[in-house]
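Asker: Structure, please.
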Amino acid sequence: PGVTREARERARVVGELGGRLSGLSIPRQVGILAIWPLLEQILGFVVGTVDLVLATRMSVGLDRVAILDALGLGLYVVWLMMLVQGAVGTGVMALISRAAGARNQEEATEGLSQGLLAGLVTGLAACLVIRLLIGPIVGSFGLSEAASQHARAYLSVLVYICPIIGIMLAATHALRAIGDTRSPFLAMLLVNAVNVASTCLFVFGPEPFGNMGVRGLALGTVLGWASGLILVLWMLWRMKAGGGDGVGLSLRACRFRPHWPIIRRIARIGIPQGAEMFGMWLIHSVTLNYISRLAITGAMGAHVIAIRVESLSFLPGFAIGTAGATLVGQYLGAGNPDKAAQAVRWCWGLAAGFMGLIGLSFLIWPEEIVRLILPSTDADAEAVVRVATPLVVLCGVVQPILATCMVMKITLRGAGATRTVMLGSFSTMILFRVLMVSLAVHYFDASLRGIWILMFCDITLQAVIFTWIHYRGNWKNTVV
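Answerer: Residues are numbered from 1 along each chain as shown. Just a heads-up that it's a prediction; the model follows:
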């Protein structure tokens, strides 16, 4: 008596999820949430690999090595472009997943609108800063003159993708937070299709569109992401807010004016994430600088190819970790931290199994995998293959450790514990990737393989630290 029907209904569903995840077991929830991000990651990998393969066929000899070196630097700068936008997306996902678990439609709608605004603003800021600093960034890596010219040409076009990615990541993170992983996949499907088609046209097509070189690679990427953004905004416009016993998102329900309490909540989660990613970028830049100065022909190109191969193993790990982050946020929002922990551990085992199987292929066919990206047609290409092959073997050995590190960090971010992840990551990366790599290069004449071994030591220690943090359980009390 005296309790409203709405209050009784909320009491009935406390601890359980609503919407499309209602009534499902944790394994089924993970499967539903992970399958579309996995397909999305596969598409992203294919397109990135297509860009790399096209780059290896744009020229021959030393100029091809220079293009690979430039693309390697470009990949690191692209990562920098996505740092702030990814931080906004993490904050949006943590906030909206909590709102979805608590059935708070108003908060979910505000999270979407403020996330889109923040993605636009931070994207424009990143575009401006990087555009002004392209020269100093390229010059700081000690590349050859030919590689530096290619890098400047590539980045001068690619930089304009920043605001597009800023809005896109905010929108797709919001959709994943409510359990809709299919819509981001469809958007990325269009991104990839337009990217591949336009890149092939701009690089190898007839005049006046073709023969644009590395600028064509960058322009194809920009057009692909712009197409995907248009599609995801159109899908959000057609969606309805709410429905059933869950929450929904709709662009029509959004009010695009600053709502400072929501912005501060997004920032409280996103700023540590952004600081972590920016610090990681700086640390990786130090490592990359050492690699670019190694007296090894094609060291940078071999590093890029090995990173591309390694990223293949990240596909299931990232998809499963993303599913875990959604479940952690929603279960914490629903007041059920025990099920949040169960979801993390189930995702951990699943990711370790999938990535371990991929690692076996790296151990069995390392050279064959490298040659799929870089066919050996001259002495310079053969040198890159010889250097890259042992790195792929190392990737195969550490796959279960990589899976552990990925899932634990992604799910902690999903709980909103981004400050904890930042501190844990910095402590080990500074130790191994700055101090120990510097000592190894200056005093022990370390090879590229030696540098990679030190990087994997960092990953191993991170896996131990974040597993301990997970079992300690303080992340369950994180306030979003």
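Asker: need the contact list for residue 162.
Answerer: Residues in contact with residue 162 (CB atoms under 8 Å, 6 or more residues apart in numbering) are 81, 85, 123-124, 126-127, 130. Backbone N, C-alpha and C define where each C-beta goes, glycine included.
Asker: Just give me the closest of the residues you listed to residue 169.
Answerer: Nearest to residue 169 out of those is residue 85 (CB to CB; 4.8 Å).
Asker: Now name the helix or strand holding residue 276.
Answerer: Take DSSP states H and E as the rule and residue 276 turns out to sit in helix 260-292.
Asker: follow-up on the earlier one: only whichever of the contacts of residue 162 are buried, select them in PyMOL.
Answerer: Remark: buried members of the contacts of residue 162, expressed as a PyMOL selection using 16 or more other CB atoms under 10 Å:
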select buried, resi 81+85+123+126+127+130
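Asker: Would you mind putting the contacts of residue 162 into CSV with pLDDT, distance to residue 342 and secondary structure alongside?
Answerer: Listed next are the contacts of residue 162 as CSV, based on pLDDT from 0 to 100; distance: CB to CB, whole Å; DSSP: H, G, I helix; E, B strand; the rest coil:
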residue, pLDDT, distance to residue 342, secondary structure
81, 72, 36, helix
85, 76, 31, helix
123, 90, 37, helix
124, 92, 41, helix
126, 86, 38, helix
127, 88, 42, helix
130, 86, 42, helix
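Asker: which one among the contacts of residue 162 gets closest to residue 270?
Answerer: Checking these one by one against residue 270 (CB to CB), the nearest turns out to be residue 85, at 9.7 Å.
Asker: buried sites along the helix holding residue 276?
Answerer: Neighbour-count burial for helix 260-292, with 16+ other CB under 10 Å as criterion, is recorded at 262-263, 265-277, 279-281, 283-288, 290-292.
Asker: phi, psi of residue 255?
Answerer: Backbone torsions of residue 255, given as degrees, to the nearest 10, read phi -120, psi 110.
Asker: next helix or strand past the helix or strand bottoming out on mean pLDDT in the chain?
Answerer: Taking mean pLDDT, DSSP states H and E as the measure, the chain has helix 5-12 as its least confident helix or strand, at a mean of 45. Toward the C-terminal end, the helix or strand that comes next after helix 5-12 (DSSP H and E) is helix 26-56.
Asker: Which elements pack onto the helix holding residue 276?
Answerer: In terms of contacts (3 or more CB pairs under 8 Å, 6 or more residues apart in numbering; DSSP states H and E), helix 260-292 is packed against helix 61-101, helix 105-139, helix 299-333, helix 418-429, helix 437-444, helix 448-472.
Asker: Centre of the chain to the shortest one, how far?
Answerer: Yep, that's helix 437-444 we're talking about. Average the C-alpha atoms of helix 437-444, do the same for its chain, and the two points are 30 Å apart (CA atoms, centre = their mean, to the nearest Å).
Asker: And the contacts of that helix?
Answerer: Applying CB under 8 Å, 6+ apart, the set of residues contacting helix 437-444 from outside is 286-287, 290, 446, 450-451, 454-455.
Asker: Just the closest of these to residue 322, please.
Answerer: residue 455 (23.4 Å).
Asker: Could you give the number of residues near that closest one?
Answerer: Each residue near residue 455 was counted by other CB atoms under 10 Å, and the total is 19.
Asker: per-residue confidence for the nearest residue in space to it that is not next to it in sequence?
Answerer: On the basis of CB to CB, 6 or more residues apart in numbering, the spatially nearest residue to residue 455 that is not a chain neighbour turns out to be residue 433, at 6.2 Å. You'll see residue 433 listed with a pLDDT of 89.
Asker: wait, residue 433 sits on residue 454?
Answerer: Yes - contact status for residue 433 versus residue 454: in contact at 7.0 Å, counting by CB atoms under 8 Å.
Asker: Kindly point out which residues are neighbours of both of those two.
Answerer: Listed as contacting both residue 433 and residue 454 by CB under 8 Å, 6+ apart is no residue at all.
Asker: now stretch 431-448, how far from the centre of its chain.
Answerer: Distance of stretch 431-448 from its chain centroid, counting by CA atoms, centre = their mean, is 27 Å.
Asker: Also stretch 446-455?
Answerer: 23 Å.
Asker: who are the neighbours in contact with residue 267?
Answerer: Each residue near residue 267 by CB under 8 Å, 6+ apart is listed here: residue 91.
Asker: gap between it and residue 96?
Answerer: When distances are taken as CB to CB, to the nearest Å, residue 267 and residue 96 turn out to be 15 Å apart.
Asker: next one: residue 131
Answerer: Using CB to CB, we find residue 131 at a distance of 31 Å from residue 96.
Asker: shaky segments in the stretch 51-200 of the chain?
Answerer: Within the stretch 51-200 of the chain, the set of residues satisfying pLDDT under 70 comprises 52, 56, 59-62, 84.
Asker: neighbours of residue 233, just the number please.
Answerer: Under the neighbour criterion other CB under 10 Å, residue 233 is assigned a count of 16.
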